[in-house]
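Peer 1: got a predicted model here, sequence first, then my questions.
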Amino acid sequence: MGVGMEPLQWNPSLAVGQGEIDGQHRELFERAGHFFAVRGAPDKVPQISAAFMYLDSYVRFHFAQEEKLMLRIGYPELVEHQGEHRDYIRRLDSVKSQFESEGDSAAVAMALDGLLRLWLVDHIGQADKRVGDFAARAPGAR
């Protein structure tokens, strides 16, 4: 894995209480772990490139699903949450560009690890949890 990074692990404390969204979050944790699992492989560059492509498309799909839920339940922090989503997509694009120019460097690995931790742990554990809490009280949330 390199640079002393602990793998990202899903845990039940990150559940937001919306089955489809929680399933997508678990998938994202698995895919994030894939980046670091392939770093030692002899053909790692095409595998990492494929992982970036998958993550990029899945992230956009997932954010759209979350935003549909927030619209449906009238979530009051929708615009702020969408802004966080756009910021994560911009940052993912930036790390992907860095990978395309530098290859599998320690700097790319650290930038990706930092972004994934910020998003998967902090964003899900805080912002997405607030959506889940609101959805649990909102009519028509399920």
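Peer 2: Okay, I see it. Numbering: from 1, shown residues only.
Peer 1: name the element the spatially closest residue to residue 15 that is not a sequence neighbour belongs to?
Peer 2: Nearest residue to residue 15 in three dimensions, chain neighbours excluded: residue 22, at 5.1 Å (Cβ to Cβ, 6 or more residues apart in numbering). C-beta here means a position set from N, CA and C on the backbone, and glycine is covered the same way. Assigned by DSSP states H and E, residue 22 belongs to helix 19-37.
Peer 1: I would like the residues contacting that helix, please.
Peer 2: For helix 19-37, contacts defined as Cβ atoms under 8 Å, 6 or more residues apart in numbering pick out 1-2, 5, 7-10, 14-16, 48, 51, 54-55, 58-59, 62, 65-66, 69, 109, 112-113, 116, 120, 124, 128, 132.
Peer 1: of those residues, buried ones?
Peer 2: 5, 8, 10, 14-16, 48, 51, 55, 59, 62, 66, 69, 109, 112-113, 116, 120, 124, 128, 132 (16 or more other Cβ atoms under 10 Å).
Peer 1: just for this structure, where's the confidence low?
Peer 2: 1-7, 140-142 (pLDDT under 70).
Peer 1: can you give me the helices for this protein?
Peer 2: 19-37, 44-73, 78-102, 106-117, 129-137 (DSSP state H).
Peer 1: ok, the closest residue to residue 138 other than its chain neighbours to residue 61 distance?
Peer 2: For residue 138, ignoring the flanking residues on the chain, the nearest one in space by Cβ to Cβ, 6+ apart is residue 73 at 3.9 Å. Residue 73 sits 19 Å away from residue 61, going by Cβ to Cβ, to the nearest Å.
Peer 1: who has more neighbours, these two?
Peer 2: The neighbour comparison of residue 73 against residue 61 (other Cβ atoms under 10 Å) goes to residue 73, with 20 against 11.
Peer 1: quick one: the more buried one and residue 134 touch, right?
Peer 2: Yes - applying Cβ atoms under 8 Å, one finds residue 73 in contact with residue 134, separated by 6.4 Å.
Peer 1: spit out the contact partners of residue 111.
Peer 2: 94, 95, 98.
Peer 1: confirm for me that the last one is in contact with residue 106.
Peer 2: Read it as residue 98. No - between residue 98 and residue 106 there is no contact under Cβ under 8 Å: 11.6 Å.
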